[in-house]
Structure formats: C-alpha cells, structure tokens
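A.B. asks: quick one: sequence plus predicted model below, questions after.
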Amino acid sequence: MSKDSSKGLVLVFDLDQTLVATNKQIKKHLTRKRGYYREVWAPKKKPELNPELIEVLRIALQQREKGGVYAIFLLTNNSDTVFIQRVISSLEKSLHTRNIFDAILTAEDDEPRDTPKGHTKNYSSKSIRDVYRLLNRMEKTDDAEKRYAKEDLLKRVLFFDDNPDHQIRHEMFIAGVKEQYITITPPFMGINETPYGKVFERLYASTPTFFPFQTLVVS
C-alpha cells in the first residue's frame, strides 16, 4: 500500500453541463431573412452555475482545510480559455474565495492525453491517468503513479461529469466504488435532478469532527 493512501478525498469536476450550463452561453441573433437566426458562442456572457455543485464545493473547501479533502481538480475537454476563466471567476465570487482548484487540465494543455479514437488531439478519455497528471501538477512532481497505488487512489476519488461513459467509470467499477462516479442527470442546463445525498455524507464523514452526526454510514 502506498504511504500516501491515507490522504483525504480527491474531487474531480467536469465543466460543461456539470459545473455550468454551457448551453446558456449560446446567443441567438436574427438574420436579415425573416424568421431565421444564427447561434453565436458568447464566452463572455455571465455563466449559469450549478447551485448544488457550488454547495458541494463549499463543503469540500471547508474539508480541505481540515484534511478531509486532499485535492479539488477541474478536468475538462473544453478548450476555450476565456470561458473557463470566467467560470472559475464566477465560482470564486459565489464561494467568496480564491484558488478553488488545486490543479486544472483542459483540452488546450500541451500534455500527453489518452485520446479515444475519432476525437481531436488533447480530448481526454478521462481516466485515472488524468488524476495522476493533476496530482503531479498540484504537487509539482512527476511520479504520482509510483507514490499513489491505483486502487487506493480510486477509492478516494469523487468524480463529477455529465458524461456517463468516461474510462474512469470502468476503473471505479473494478475498484468497487462505482457509486463515486456521479453522473449529472440530466446534463446541467439550468435544471437539477441529480441526487447528491451520498456525496454530502461522504464529505462530512471524511473528517467526523466537522459534522455533528457521526453515525453516518456511507454505502
């Protein structure tokens, strides 16, 4: 077992339709032809954030200070750096803090990625290898895979994404923690239906003294 396996939870968040309703960034402009319009991507438009994930982040930030959460990561296949930064700034404003994410990996990053066949360069299949990359960025190292045993690390990861089929879901299933892959259902476009009860329980239980009800059992 890795000596680092006892560290806190690692939360990994997708961006589009998870933290933010990306569909709301599309503006419709009427054309000269009556009844027709064109859609324009508007990265500078104020992002609509997922309010329930803001609350997850709020608790995760508190737990990070207490050691229950080791890292909070952003892993996205979005390449629009202007939009990504606006989302981060909006999150910081909502949470009244800076430096929410310990490391970020986007489709613009010049780093080897595990790209599924048929996708563009730097599009990630989102696997545990990306979590290792993020840990290396956070810790300014290059040997996370040696220091963190794969199965131990997977048991500490909470992964949030609207896509239900990323590689890490299969890896979590093999590790026996499939429930820690939280699929945003439906993809966040302004409506919340995803149950987060188990997520809150796991966060609170990561440092029992933080939460008054210490008899919680997370399945």
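C.D. replies: Cool, got the structure. Numbers count the residues shown, from 1 in each chain.
A.B. asks: would you tell me which strand is longest in the chain?
C.D. replies: As assigned by DSSP state E, the longest strand anywhere in the chain is strand 69-75.
A.B. asks: next structured bit after that one?
C.D. replies: Next helix or strand after strand 69-75 toward the C-terminus (DSSP states H and E): helix 81-95.
A.B. asks: roughly how far is that following helix from the heart of the chain?
C.D. replies: Offset of helix 81-95 from its chain centre (C-alpha atoms, centre = their mean, to the nearest Å): 14 Å.
A.B. asks: next, the contact list for R98, please.
C.D. replies: E92 (C-beta atoms under 8 Å, 6 or more residues apart in numbering). Using the backbone N, CA and C atoms, a C-beta is placed for each residue, glycine as well.
A.B. asks: that one and E92, how far apart?
C.D. replies: R98 sits 6 Å away from E92, taking C-beta to C-beta, to the nearest Å as the criterion.
A.B. asks: what do you get for N99?
C.D. replies: For N99, the distance to E92 (C-beta to C-beta) stands at 8 Å.
A.B. asks: neighbour-wise, which of those two wins?
C.D. replies: The neighbour comparison of N99 against E92 (other C-beta atoms under 10 Å) goes to E92, with 14 against 9.
A.B. asks: what about that one, distance to V10?
C.D. replies: When distance is defined by C-beta to C-beta, E92 is 20 Å away from V10.
A.B. asks: what's the overlap in contacts for N99 and E92?
C.D. replies: What both N99 and E92 touch, as defined by C-beta under 8 Å, 6+ apart, is an empty set.
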